[in-house]
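>>> Sharing a model prediction with you, sequence too.
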Amino acid sequence: MTFGPYAIMASGTGTNAMALIKMGKACEVAPSFILVTNEGSPLREVAKEEGIPFYHEKSRVKGVDISLEEKILDLVDHYKVKWLFLAGFLKILSPSFLKVFNEGHSQSQVINIHPSLLPLYPGLGGYKKAFTNKDEKFGHSIHHVTEELDAGPLISQVSLNRIEGESFEDMVERAKQSENENYAHILKSFIRGNL
Ligand code: GAR
């Protein structure tokens with residue numbers, strides 16, 4: 001697959017987005033824009049420092065937000081973005097959005113990181129479920145985004161071992177660190193044409 005201009009979309013604390021920005025900088029291919037849906041995102045400051053266009057778009061709609069999707073498509077068009085990296089982006093993208101964005105491509109060019117070993121635990125709370133169920137292994141998945149929630153073709157999975165007696169907070173810290181490292185590594189692989 002040929003790599004091209006990309007953007008990052010996030011809704012959370014932004015650690016994955018920051019890891020992607022850092023790797024993009026190291027590879028001299030910065031994202032065309034960063035879009036967040038949450039108030040007070042630390043990514044605003046990072047984007048400013050790095051000179052990356054930054055957009056904050058609130059979403060008050062539960063589930064698919066057509067008006068937000070229209071704004072994203074306008075930005076995609078404006079910046080000629082070919083790849084979207086979802087980094088804790090908590091909106092579900094509609095089938096029509098994916099169809100328009102992926103037009104002419106055999107594989108979805110929207111990439112997501114998900115906090116579970118898919119197909120286990122699609123949806124929210126992957127780490128909490130693995131912790132509560134005392135799963136021996138937990139981890140994250142990086143995948144192409146398709147119409148079916150958290151079920152697109154896998155690109156990478158990293159699995160970690162449960163440590164007896166570990167707190168949920170420590171487990172999540174380990175898990176997030178592994179997400180940040182691997183997502184950045186996957187971006188580098190795309191940039192270098194290895195994926
Ligand atoms: C990450 O754990 C990511 O896997 C998850 O949100 C968190 C965002 O953290 N993504 C999803 O749940 C997507 N359905 P971050 O804001 O620190 O990158």
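On my side now, so go ahead.

>>> How about Tyr79, nearest residue that isn't a chain neighbour?
Ser32 (3.9 Å; Cβ to Cβ, 6 or more residues apart in numbering). Using the backbone N, CA and C atoms, a C-beta is placed for each residue, glycine as well.

>>> which ones are touching the one you found?
Pro5, Tyr6, Ala7, Pro53, Tyr79, Lys80, Val81 (Cβ atoms under 8 Å, 6 or more residues apart in numbering).

>>> Which one of these is nearest to the ligand?
Ala7 (15.1 Å; Cβ to the nearest ligand atom).

>>> same for the longest helix anywhere in the chain, what does it pack against?
When the chain is parsed with DSSP state H, its longest helix is helix 168-191. Where contact means 3 or more Cβ pairs under 8 Å, 6 or more residues apart in numbering; DSSP states H and E, helix 168-191 is packed against helix 15-26, strand 83-86, strand 110-114, helix 126-132, strand 137-144, strand 154-161.

>>> is any part of it close to the ligand?
Yes - counting by Cβ under 6 Å from any ligand atom, the ligand has neighbours in helix 168-191: Lys176, Glu179.

>>> hmm, back to that, how near is the residue nearest to Tyr79 to Met9?
In this view, Ser32 and Met9 are 12 Å apart by Cβ to Cβ, to the nearest Å.

>>> so what's Lys80 up against?
So Lys80 contacts Gly4, Pro5, Ser32 (Cβ under 8 Å, 6+ apart).
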